[in-house]
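Trainee: how does the following fold in three dimensions:
(2 chains)
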Amino acid sequence: MPVDTQSPILRVTGLNKSYGERAALIDASFELWPGEVLAIVGESGSGKTTLLNALAARDKPDSGSVEFHIKDSGLTDIFKMTEAQRRLLARTDWGFVHQNSADGLRMEVSAGANVGERLMALGQRHYGKIRATACDWLARVEIDPARIDDLPRHFSGGMRQRLQIARNLVTQPRLVFMDEPTSGLDVSVQAKLLDLLRQLTQHLGLASIIVTHDLAVARLLAHRMIVMRRGCIVETGLTDQLLDDPQHPYTQLLVSSVLQP
Amino acid sequence: MSTPVLRLTNVGKEFTLHHQHGLKLPVLNDVNFEVASGECVVLDGASGMGKSTLLKLIYANYRVSAGSIQYIEKTGESLELTTASARELISLRRHRVGYVSQFLRVIPRISTLDLVAEPLLAELGHDEQAIKQAREQACVWLTRLRIPERLWGLAPATFSGGEQQRVNIARSMIKPRSLLLLDEPTASLDPQNTQTVVTLIHEAIAAGAAAIGIFHDQAVGNQLATRRIDMTHFRSITCAAQ
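Mentor: Numbering: from 1, shown residues only, chains lettered A, B, ... in the order given. Predicted coordinates for the structure are as follows:
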């Protein structure tokens, strides 16, 4: 049976992080493989976002390692890279979709410039080509390309989230981090965004890590799930295993507390 | 009998409800059997005997409390499902083991045609040629299951229960697999559609699949069963199966 690729794209080993006296992350370890979508679930304050920020090198853990698979050199500890190497990764191989679109977009420049920025960071200079690529990506996230010169502040919440996705995916990253990408959106807008995320991760073979407190979002998008509580990973497994036959008392509580995930 | 596709050894399942004072619900005990290619094993037993639980354990949707479940490739290689990694299980489900139930998990905004075609794309890729090919096959399946063509372009969220059920059967069976887990796929279908599903299952088995099924409709079970397993054997702690 084909189980392709020999190396995980990300390997996380023994991550710890404290803020003062409070341990926010305790001994987190897992692997992520190319094409896999992993959901991190748990209530607010459980350490989900702390974990995500450590993985994306936005916040340095106190101990432990995060290794990312780099094309020629294999698994490489991201905290042993130079700042310049990390920045390059963050705008090429990685994407980061923020819960609050204002954190992920530049609100004072046009939609097209938001999408084109990462391309320019990679050295593309041909204005016409960048604009054409931006148009293409706006269409792919179902934003009318006629709005390419509008500012994101004139977009609806759902459009801004889709613009963030286009901005991130335009450089064809291999790993995308998403922090509650659908929360705060109307249900119908959520469905559109979720469907888009589902198709894009599938078609592009993206690996992604989605922090969510919404188990239905996890069910729809994620192959695997990590359940966190008080900084610890309490249970991991296939998404449907955890939702349909939760073993840990906390996972059972989480699953039984929602209406039909 | 040909070589087994699946082997269960001393499988047990007990649910622990941590928030109901740690209540333990034993469901299955000492389940031992094998299923070979070309067989259709029908599980017999009243409601609550653990028939669905058993299928879910084999699909690794539920996790065993005891014992071993092995999936065996034609090459003789085997995968221990109770300890397999998530990615091994994902790959197994994508390529080898199908679960056919009566319930469709509707995905917002995806057309019926693409929903049915999707399992084929895992193999074919997502280029235009592959999508065209997969859609052509999806048309064949939807036609056989009598889903009117005018519905193919719509997302099935608004379909009737019976239509959703048939879309689900098309989606679950379009890709040939070596092991089919059939959880009442014909429940509440009309006689004509029931017969179509029976034919589809017969075809899959003739093509070399192994199947394990639950059918409340006796007539359907009789048409499909090459062997029957009485679930009462797996209830008592002292009773050894087979």
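
Trainee: have a look at chain A and report its longest helix.
Mentor: Secondary structure assigned by DSSP state H gives helix A:187-204 as the longest helix of chain A.

Trainee: what is the mean pLDDT for it?
Mentor: Average pLDDT, helix A:187-204: 81.

Trainee: buried ones in it?
Mentor: A:189-202, A:204 (16 or more other CB atoms under 10 Å in any protein chain shown). To be clear about C-beta, it is placed using only N, CA and C from the backbone, and glycine gets the same treatment.

Trainee: shouldn't residue A:53 be in contact with residue A:59?
Mentor: Yes. At 4.0 Å, residue A:53 and residue A:59 qualify as touching, with contact defined as CB atoms under 8 Å.

Trainee: who's more crowded, the two?
Mentor: residue A:53 (20 against 15; other CB atoms under 10 Å in any protein chain shown).

Trainee: list of residues touching the host helix or strand of that one?
Mentor: Using DSSP states H and E, residue A:53 maps to helix A:48-55. Identification of contacts with helix A:48-55 by CB atoms under 8 Å, 6 or more residues apart in numbering or on different chains yields A:10, A:12, A:15, A:17, A:24-25, A:28, A:40-42, A:59-61, A:66, A:177, A:179, A:209, A:211, A:213, A:228, A:231.

Trainee: which residues are in contact with residue A:61?
Mentor: Contacts of residue A:61 (CB under 8 Å, 6+ apart): A:15-17, A:25, A:54, A:79.

Trainee: chain B contacts on chain A?
Mentor: A:1-3, A:33, A:36, A:191-192, A:194-195, A:198, A:202-203, A:220, A:223-224, A:236-238, A:240-241, A:244-245, A:247-249, A:252-253, A:256 (CB under 8 Å from any CB of the partner chain).

Trainee: so the following helix or strand past the helix holding residue A:53 versus helix A:48-55, what angle?
Mentor: Of the helices and strands lying after helix A:48-55 in sequence (DSSP H and E), the nearest is strand A:63-70. Strand A:63-70 and helix A:48-55 meet at an angle of 60 degrees, taking axes from the mean of the first three to the mean of the last three CA atoms, to 10 degrees as the criterion.

Trainee: what's the following helix or strand after strand A:63-70?
Mentor: Following strand A:63-70 in sequence, per DSSP H and E, is strand A:74-77.

Trainee: ok now the helix or strand that that following strand is followed by, how far from the chain's centre?
Mentor: Beyond strand A:74-77 in the direction of the C-terminus, DSSP H and E gives the next helix or strand as helix A:83-91. Once both centres are worked out by CA atoms, centre = their mean, to the nearest Å, helix A:83-91 turns out to sit 17 Å from its chain's centre.

Trainee: quick one: list the elements packing against helix A:83-91.
Mentor: Helices and strands touching helix A:83-91, by 3 or more CB pairs under 8 Å, 6 or more residues apart in numbering or on different chains; DSSP states H and E: there are none.

Trainee: buried ones in that helix, by neighbour count?
Mentor: Using 16+ other CB under 10 Å as the test for burial, helix A:83-91 gives A:86, A:89-91.

Trainee: then stretch A:243-259?
Mentor: For stretch A:243-259, a neighbour-count test (16+ other CB under 10 Å) marks A:243, A:245-247, A:249-252, A:254-255 as buried.

Trainee: next one: stretch B:20-33
Mentor: By 16+ other CB under 10 Å, the buried positions in stretch B:20-33 come out as B:27-33.

Trainee: can you put these in CSV and add pLDDT?
Mentor: Below are these laid out as CSV (pLDDT from 0 to 100):
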residue, pLDDT
B:27, 93
B:28, 95
B:29, 94
B:30, 94
B:31, 96
B:32, 96
B:33, 96
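
Trainee: list the contacts for residue 89?
Mentor: Here I'm looking at chain A. Contacts of residue A:89 by CB under 8 Å, 6+ apart are A:57, A:68, A:70, A:78, A:81.

Trainee: oops, I was thinking of chain B
Mentor: Per CB under 8 Å, 6+ apart, neighbours of residue B:89: A:238, B:60, B:81.
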